[in-house]
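Q: Fold the following and give me the result.
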Amino acid sequence: MSDAAESVDAVIVGAGPNGLVAANLLADAGWQVLVLEAQDEIGGAVKTAELIEPGFRNDRFSAFYPLGAASPVLRALDLEQHGLRWKRAPAPLAHVLPDDDCVLLAADPGETMASLASFAESDADAWATEFAEWCRIRDDLITALLSPFPPVRGAARLLRRMGAADLLRFGRMTTMPVRAFAEERFAGEGARVLLAGNALHTDLGPGHAGSAVFGWILCMLAQDVGFPVPEGGAGRLTAAMAARLTAKGGRIQCGRAVTRILTARGRAVGVADAEGGLVRARKAVLATVPAPTLYLELLDAADLPQRLLRDLRGFHWDDGTVKVDWALSGPIPWANPRARRAGTVHLDGDTARLARFSADLAAGRTPAQPFLILGQMTTADPSRSPEGTESAWAYTHVPRGQRWTVARLRRFADKMEKIVEQHAPGFTGLIRGRFLQGPVELEDADANLVEGAVNGGSAAVHQQLFFRPVPGLARADTPVDRLFLAGASAHPGGSVHGAPGANAARAALARHGVAGGLYRWTVDTLHRSFYG
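A: Numbers count the residues shown, from 1 in each chain. So this is what the prediction gives:
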């Protein structure tokens, strides 16, 4: 590399939440850090803009952050000191059924239990049992989920707290389809659709193995911390992380796309950008791009084991996404008033319809009856739009590999609006304007959202833990020394909790710690056992 190249301790590729978390942790350790972002603004999939008209603040991608509020990674950054304020709707979640019946997951557990009891009286006590178990294991479980694999300390604490028998029962639940789990624990449709609907925030349907744990965790988080949003927009979370980083001396450069990770003697030594600019990395390169992008585009194949490249052929993306943002002249006029209090509303599947929706996706068919996840942002945060109005959005999953023209996207958005209208007569008359994003638009806005995949790869069991992104260590370390995978396709996966970035930063620090040589020898030995 040229002696004229800029030199820093670490280069972070991507200024999304994982990149900013990683940069902050390295800056805390005294490293000189440079974050390079291809887009003209930071944030990745955590951005806010006035997309439709002035005064209406719309979150471009993600919006509600239950795992973000509960994440020990983000809490440790003390982002409230840098402008972050969490806001919550009166109720975290409502699930509206086809007949307009509605189950409400309220901030008060007693109100949630009453809503569930209206479907089946015994479900109130069943919910109380599940929530008590969550409160008992919450901190240890979240630590174990978000830690580098294997989570030795978190797992040991869970074992001490739960005992071997209960931990084994919990392990069984993590492998179960959510439909089977819900039928075991609950008698009524209300609780069952809450669990299945929350599982469908991933690409896992009611019958998929491993979907139960996602539905259960999101339900319990909703009951515990709610579905909070940053006051003023998702972008305020990004702004707080960036402000903290710059206060620590870190730097961010936008509009600078990295096109190559530079290596020498099996070690990452820097990056090259689209304009031919070079940056030397004295200690580490951390990439928040998807695993296929890192290994198949940013690195030379000669630098990688052939077995790893073959394994990447089996990398499975999550489903595509269609998202509609609206500026509304008033709150959504739900037929069932319970839904008016919720920040997030699920529409409008019972368990059978949710299963059909999932089956359509698995078969590569555009669902005839899309399952919608809808956000009432002004209900959660009054600063999102002028008084008396509502900033809202809805998204749904669609199959990968389909051609989405502008005309098709508009027709599909019309169908989504009709579903809302069925349960909120007069809704379409409130629409002042809308902004549409399909798989093409989402990827154009953020290259990490490949064909609209928002979770960095499937959440299925075969691509979790030591199978993520391919069978291996489930750690941020790569076969290239001093190069770390820090994005959502690394363990523990998608959602805005900062764990992939934090895990990569900690791996980089360990590599340069007093036992760095032993650390890399161990990693190399394990990689050879996986990849030859």
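Q: Would you map the strands across the stretch 301-450 of the chain?
A: Taking DSSP state E, counting those that start in this stretch, the strands of the stretch 301-450 of the chain run over residues 320-328, 342-347, 372-376, 390-398, 431-437.
Q: Now render those as JSON lines, adding distance to residue 239 and mean neighbour count.
A: In this view, the C-beta of every residue, glycine as well, is placed from N, C-alpha and C. Below are those laid out as JSON lines (distance: least, CB to CB, whole Å; neighbours: other CB atoms under 10 Å):
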{"stretch": "strand 320-328", "distance to residue 239": "20", "mean neighbour count": "25"}
{"stretch": "strand 342-347", "distance to residue 239": "21", "mean neighbour count": "28"}
{"stretch": "strand 372-376", "distance to residue 239": "20", "mean neighbour count": "24"}
{"stretch": "strand 390-398", "distance to residue 239": "18", "mean neighbour count": "24"}
{"stretch": "strand 431-437", "distance to residue 239": "21", "mean neighbour count": "17"}
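Q: Would you format the ones you listed as TSV with mean pLDDT included?
A: As requested, the strands of the stretch 301-450 of the chain are exported to TSV (pLDDT from 0 to 100):
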stretch	mean pLDDT
strand 320-328	98
strand 342-347	98
strand 372-376	98
strand 390-398	98
strand 431-437	98
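Q: Figure out which of those strands is closest to residue 170.
A: strand 342-347 (25.4 Å; CB to CB).
Q: neighbouring contacts of that closest one?
A: The contact list for strand 342-347, computed with CB atoms under 8 Å, 6 or more residues apart in numbering, reads 64, 88-96, 104-105, 193, 197, 226-227, 229, 334, 339, 371-377, 379-380, 394, 419-420, 423.
Q: Out of the strands of the stretch 301-450 of the chain, which gets nearest to residue 221?
A: strand 342-347 (11.8 Å).
Q: Report the angle between that closest one and strand 390-398.
A: Orientation of strand 342-347 against strand 390-398 (axes from the mean of the first three to the mean of the last three CA atoms, to 10 degrees) gives an angle of 40 degrees.
Q: If you count neighbours, what's buried in stretch 17-25?
A: Neighbour-count burial for stretch 17-25, counted by 16 or more other CB atoms under 10 Å, picks out 17-25.
Q: Repeat that for stretch 505-518.
A: Applying 16+ other CB under 10 Å to stretch 505-518 flags 505-512 as buried.
Q: same question, stretch 106-126
A: Quick answer for stretch 106-126 (16+ other CB under 10 Å): 106-107, 109, 112-113, 115-117, 119-120, 123-124, 126.
Q: Just these: which are in helices?
A: 109, 112-113, 115-117, 123-124, 126 (DSSP state H).
Q: could you dump the residues you listed to CSV with pLDDT and distance to residue 478?
A: Below are those laid out as CSV (pLDDT from 0 to 100; distance: CB to CB, whole Å):
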residue, pLDDT, distance to residue 478
109, 98, 44
112, 98, 44
113, 98, 47
115, 98, 47
116, 98, 46
117, 98, 51
123, 98, 46
124, 98, 49
126, 98, 44
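Q: Looking at those, which is nearest residue 283?
A: residue 109 (47.3 Å).
Q: Pretty sure the closest one sits against residue 130.
A: No - using CB atoms under 8 Å, residue 109 is not in contact with residue 130, being 10.4 Å away.
Q: Closest to residue 518 out of the buried residues of stretch 17-25?
A: For these, the minimum distance to residue 518 (CB to CB) is 21.7 Å, reached by residue 25.
Q: quick one, phi/psi of that closest one?
A: phi -70, psi -40 (degrees, to the nearest 10).
Q: Helices along the stretch 251-400 of the chain, start to end?
A: Assigned by DSSP state H, counting those that start in this stretch, the stretch 251-400 of the chain shows helices spanning 291-293, 306-312, 351-362, 377-380.
Q: what packs against the longest one?
A: When contacts are defined as 3 or more CB pairs under 8 Å, 6 or more residues apart in numbering; DSSP states H and E, helix 351-362 sits against helix 178-185, helix 189-199.
Q: And residue 212, how far from residue 373?
A: Applying CB to CB, to the nearest Å, the value for residue 212 to residue 373 is 19 Å.
Q: now do residue 89
A: For residue 89 relative to residue 373 (CB to CB), the value is 14 Å.
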